[in-house]
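[1] Give me the fold of what follows.
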Amino acid sequence: MATFQRLGRRGVAIVAAVLFLIYTVAEAAAGSKATTVVFLGIGLGLVRWWFFSFAGRVRRGWPKLAKALGLWQQDPIKRLNEEFSYAWPKITKVKQVPGGYLVRVKLLPGQTPSALGDHTDGLAHAWRVFRVDASSPARGVVVLRAWVADPLDKPFGPAEMGMPGLLDRHETPAAPPVKELPAPARDPWAPNFSSVELGRCDDGSPWVLRLHGTHVLVAGVTGAGKGSILWGVTRGLMPAARAGLVELWALDPKRMELSYGRALFQRYSSDAAEMVEMLEDAVAEMSARAHRFAGKVRTHEPSVDCPFVVVIVDELAFLTAYQPDRDLRKRADAAIATLTSQGRSVGFCVLGALQDPRKEVMNLRNLFPDRIALRLDEPAQVDMVLGQGARDRGAEADLISPIPSVGAGVGYVKRETHPEPVRVRAAYVSDADIDRMVGDVTPGGAA
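    The predicted structure follows:
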């Protein structure tokens, strides 16, 4: 500590000497009054930056915070009269970005990124920000992203985000005539089957959920916003469904969610026996396609004759665990396992939602490559849904606010191609939006 204090005094002395030299030269060139005013302004600006700005506050308190986090290391003895000296990671840059700041830290020899990554909660409290994320873009360097406020704290609808969908196509004003167009502009509302835009990520970028070639599991307690994802997928696939490239099959055990827009689905059921039959029909169609494609096609391309089938199950646990009929439960479990293990290569996707992710309730979690964790009850459930260590990497789904206006639709996504969890919020599809979708695909809007 004595060495640190001495280094601080030396630094101050060097800065004072340099400033005095600059002042002397400036005084000789511009006069004492003008130089004094300029230096006084510079001094006040530096004081304001050091004591009141985020960058100054972070740099000023970094040595003490680094010691509290256990980041100090003992240096070799430099002088015979010194017993010890200490060093700590150095902040090399603080940069303001949309939503917060980036703090670049150079690690000491032997330190790993986890030395800082394990203390993001402590950093957020010390810096008085909403959240801190840690990443390591290069060896020996950690970038801490400090979010000043929650970028996903307010709900929004698809129209507010300008998200492509069936209804928006009719409401988009015609573009003004242009004499010369270098290339035809891509139509964002053209039929798309591979993915849908559901909302936005916390960095402001669109949240696009991949569907073709994968299966998706959504887990969250009652009121977490699972319906926003189910209806968001339905809304996003409507152009392709109307073009005949996609078929939506809905299994609705609760009868209170998907039944509201049942006219939007090519097949719908809320009866236990019928739902199991639908799953077995999907398996039969999947097997027929696989036999037809064998040795001829490696990648499924949707067409009117061979559409992409999305099987939406509102409550998977009812079929796999809570169904009182043991025979139906076994048949449903076998059908879901077959679809999720073999269906994605021939154009089948299972989008399943459930409230309880425990293994005894849903033992097929690993067959869903892409998973979404909305608000959950317990910290251990986060790793059950997103995989081991997901919560330690920042996916704190158990801490999402239970207040609907703040936390509904907020969650973390683990994608097959990107194992790091990403924080997202789904756009809220209202009853009015569903009514308009039904009215658009059925004459007079009659379900």
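
[2] can I assume L230 sits in a helix?
    Yes. Under DSSP: H, G, I helix; E, B strand; the rest coil, L230 falls within a helix.

[3] okay, now it: neighbour count?
    L230 is flanked by 23 other residues according to other C-beta atoms under 10 Å. Glycine gets a C-beta too; all of them are placed from N, C-alpha and C.

[4] Could you do the one 10 residues further on as well?
    By the other C-beta under 10 Å criterion, the neighbourhood of A240 contains 23 residues.

[5] How about S205?
    10.

[6] Tell me how far P151 lies from Y428.
    16 Å (C-beta to C-beta, to the nearest Å).

[7] So, low pLDDT: which residues of the stretch 301-447 of the chain?
    Along the stretch 301-447 of the chain, segments meeting pLDDT under 70 span 442-447.

[8] out of everything not next to it in sequence, what's closest to L367?
    Residue nearest to L367 in three dimensions, not counting chain neighbours: T340, with 3.8 Å by C-beta to C-beta, 6 or more residues apart in numbering.

[9] quick one: which helix or strand includes that neighbour?
    Under the criterion of DSSP states H and E, T340 resides in helix 326-342.

[10] Now the very next helix or strand once past that helix: buried residues?
    Using DSSP H and E, the helix or strand that follows helix 326-342 towards the C-terminus is strand 348-354. Neighbour-count burial for strand 348-354, counted by 16 or more other C-beta atoms under 10 Å, picks out F348, C349, V350, L351, G352, A353, L354.

[11] repeat for stretch 261-273
    G261, R262, L264, F265, R267, Y268, S269, S270, A272.

[12] So the third one is in contact with L248, correct?
    Read it as L264. Yes. L264 lies in contact with L248 (C-beta atoms under 8 Å); the separation is 6.7 Å.

[13] doesn't A124 make contact with L65?
    No. With contact defined as C-beta under 8 Å, L65 does not reach A124; the gap is 11.7 Å.

[14] Ends of stretch 304-321, what's the gap?
    Stretch 304-321 has an end-to-end distance of 36 Å (criterion: C-alpha to C-alpha, to the nearest Å).

[15] likewise stretch 389-400?
    18 Å.

[16] same check, this time on stretch 413-432
    End-to-end span of stretch 413-432 (C-alpha to C-alpha): 27 Å.

[17] And the strands in the stretch 101-250 of the chain?
    Ranges of strands in the stretch 101-250 of the chain, per DSSP state E, counting those that start in this stretch, are 131-138, 141-147, 195-201, 206-210, 216-219, 246-251.

[18] Please work out which of the ones you listed is packed deepest.
    Among these, strand 216-219 has the highest mean neighbour count (mean count of other C-beta atoms under 10 Å), at a mean of 28.

[19] Each with direction, which strands does that one pair with?
    Paired neighbours of strand 216-219 in the sheet (DSSP bridges): strand 348-354 (parallel), strand 370-373 (parallel).

[20] Adding distance to Y101, write those out as JSON lines.
    Below are those laid out as JSON lines (distance: least, C-beta to C-beta, whole Å):
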{"stretch": "strand 348-354", "distance to Y101": "37"}
{"stretch": "strand 370-373", "distance to Y101": "27"}
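
[21] Out of these, which gets nearest to V143?
    Evaluated over the strands paired with strand 216-219, closeness to V143 peaks at strand 370-373, with 24.7 Å, by C-beta to C-beta.

[22] sorry, back to before: taking the buried residues of stretch 261-273 one by one, which sit in strands?
    Judged by DSSP state E, these include R267, Y268, S269 as members of strands.
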